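> Fold the following and give me the result.
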Amino acid sequence: MTELTFNVEHCPDTGWLVASWDEAGGVGGITTQGKDLRELEEIVKDAVRCHFDEGHTPQTVRLHFLNDRVLETV
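Take a look at the predicted model:
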């Protein structure tokens, strides 16, 4: 596996960002959270390194945002 894709959304209770990835076959995965995007990126990278054995860590992690950001101009 060379790439993982995490689904990212805001937690309605805390306002933090929650990232999750489910392993194929539903036999595990990774779910973590961060107070902002910068913190989430670091926590996700660390969680991926911890989850996989040395030499089997995916080279790329993609963050897929499930909620589009809406900006108001008024």
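> tell me, how many neighbours does the closest residue to V61 other than its chain neighbours end up with?
Excluding the flanking residues, the one nearest V61 by Cβ to Cβ, 6 or more residues apart in numbering is L4, at 5.1 Å. Glycine gets a C-beta too; all of them are placed from N, C-alpha and C. By other Cβ atoms under 10 Å, 20 other residues sit near L4.
> Pull the contacting residues for L4.
Counting by Cβ atoms under 8 Å, 6 or more residues apart in numbering, L4 makes contact with 21, 48, 58, 60-62.
> Sort out which one of those residues lies nearest E41 for me.
Ranked by distance to E41 (Cβ to Cβ), these are led by V61 at 8.6 Å.
> In which helix or strand does the closest one reside?
V61 belongs to strand 60-65 when assigned by DSSP states H and E.
> That strand: which residues count as buried?
Buried positions in strand 60-65, judged by neighbour count with 16 or more other Cβ atoms under 10 Å: V61.
> just to revisit the earlier point, how about the contacts of L4 in a markdown table, adding pLDDT?
Converted to a markdown table, the contacts of L4 look like this (pLDDT from 0 to 100):
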| residue | pLDDT |
| --- | --- |
| W21 | 97 |
| V48 | 96 |
| P58 | 94 |
| T60 | 96 |
| V61 | 96 |
| R62 | 96 |
